[in-house]
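*Asks:* below are the sequence and a predicted model for it; my questions follow.
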Amino acid sequence: MNAPFATTARPDTGDPLFSPYTLGSLQLANRLVMAPMTRSRALDGNVPNPLAATYYQQRAGAGLIITEGSQVSPQGVGYIRTPGIHSPEQIAGWKQITAAVARAGGRIFLQLWHVGRISHPDFHGGALPVAPSAIAANGKVFTAQGPKPMVTPRALDLPEIPGIVAQFRRGAEHAKAAGFDGVELHGANGYLLDQFTRDGTNRRTDAYGGSLANRVRLPLEVTQAVIDVWGKDRVGYRISPTGSFNAMSDSDPRATFSYLTQRLSELGIGYLHVTDPVTDPARLVPELRRLFKGTCIVNGGYDAASARAAIRKGEADLVAFGTAFLANPDLPARIRTGAPLNTPDPSTFYAGEARGYTDYPALG
């Protein structure tokens, strides 16, 4: 059975998806990006599973792989079996993965992650999760004891903020030690950097809340700290300006994310990764693309045809695919030839070990 993902017939010879691309000092073989996707297969201690070396190596035909989110500290954990980048064992685990991708000729960035309020005291020895403000999200957290309701987080004290920046800086340093080609900051989907950015979750009255400039202060300080480790062109930043996942909201998303985009552009980072559904009439990608002077990656329900159109129109330089890459380790080859796609199995997205992880068939 094939997935409802349009590849059409064979693409034209000038297919923009398969033209090489220069991202800073990196040469990418094509414009297809593997989007970051949590797979919940890490081992004890949030160490990457050795299976992940096979999983990512199978998908090294992407122009760029962005890994699943990886916690920059124990404080940043909010899900079971998700990998981190804060211990020697985690760094060693990621080294095996980056080496496997490099052997296959791929490029891979690590996504640096702190979940903020999307957590539970079970992950923190009974302590509350942290956030910009003491505002609970709706929903449940999947803990080792099963799903539990989200709690009201503790608002970070002002003297604690530099420690958050330091966590991301160390995560960036560890990613370099693990052999990655660069890093992406997870500023989307209702996690800590997103929580500071949007006024639905940030009600602070100090230097990190209130005005737009104050609300993006922490995201920009984190970005600068990571640039200091990697250099500008090896740092990306992901946003989801119209997303409501994890009970997120903002009174004026257009103003908020236009301002953040301009400031990130001024910092000169390598790319902005925008999750904004291609079918949403209120999508902000076209406006944000005009504001950001570097590489723009788009994500959100694209198929081969809409991805080509986005590049041809200048709305994007690269296009990120999620479940299509999850289910098709050779997605670029299938798109190039117009071959049918495997159907993703949602029951194995977050469980199953090798099943639904490394056993999707390739062509031939």
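*Replies:* Thanks, I have it.
*Asks:* flag every buried residue along stretch 263-280.
*Replies:* Residues of stretch 263-280 classed as buried by neighbour count (16 or more other C-beta atoms under 10 Å): 263, 264, 269, 270, 271, 272, 273, 274, 275, 276, 277, 278. Every C-beta, even on glycine, is put in place using the N, C-alpha and C of the backbone.
*Asks:* need the contact list for the fourth one.
*Replies:* With contact taken as C-beta atoms under 8 Å, 6 or more residues apart in numbering, residue 270 is in contact with 23, 24, 182, 232, 233, 234, 235, 236, 294, 295.
*Asks:* including pLDDT, distance to residue 111 and secondary structure, could these go into CSV?
*Replies:* As requested, those are exported to CSV (pLDDT from 0 to 100; distance: C-beta to C-beta, whole Å; DSSP: H, G, I helix; E, B strand; the rest coil):
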residue, pLDDT, distance to residue 111, secondary structure
23, 98, 16, strand
24, 95, 17, coil
182, 98, 10, strand
232, 98, 18, helix
233, 97, 17, helix
234, 98, 13, helix
235, 98, 12, strand
236, 98, 9, strand
294, 97, 18, coil
295, 98, 16, strand
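*Asks:* filter the residues you listed down to the buried ones, ChimeraX style.
*Replies:* Applying 16+ other C-beta under 10 Å to those, the buried members can be selected in ChimeraX as follows:
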select :23,24,182,232,233,234,235,236,294,295
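*Asks:* okay, the contacts of residue 270 in TSV with distance to residue 147 next?
*Replies:* As requested, these are exported to TSV (distance: C-beta to C-beta, whole Å):
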residue	distance to residue 147
23	39
24	41
182	35
232	41
233	41
234	37
235	35
236	32
294	40
295	38
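*Asks:* widest-spaced pair of the contacts of residue 270?
*Replies:* Using C-beta to C-beta, the two most remote members of those are 182 and 294, lying 12.7 Å apart.
*Asks:* got the phi/psi numbers for residue 169?
*Replies:* The phi and psi torsions at residue 169 (degrees, to the nearest 10) take the values phi -60, psi -40.
*Asks:* show me what contacts it?
*Replies:* Residues in contact with residue 169 (C-beta under 8 Å, 6+ apart) are 225, 226, 228, 229.
*Asks:* and the lengthiest strand in the chain, how far from the chain's centre?
*Replies:* Under DSSP state E, the strand in the chain containing the largest number of residues is strand 64-71. Computed by C-alpha atoms, centre = their mean, to the nearest Å, the separation of strand 64-71 from the middle of its chain amounts to 6 Å.
*Asks:* quick one, strands of the chain?
*Replies:* Under DSSP E, the chain gives strands at 21-23, 26-28, 32-34, 64-71, 108-113, 130-131, 140-143, 146-149, 154-155, 182-186, 235-239, 271-275, 295-299, 318-321.
*Asks:* quick one: list the elements packing against the longest strand of the chain.
*Replies:* strand 32-34, helix 88-103, strand 108-113 (3 or more C-beta pairs under 8 Å, 6 or more residues apart in numbering; DSSP states H and E).
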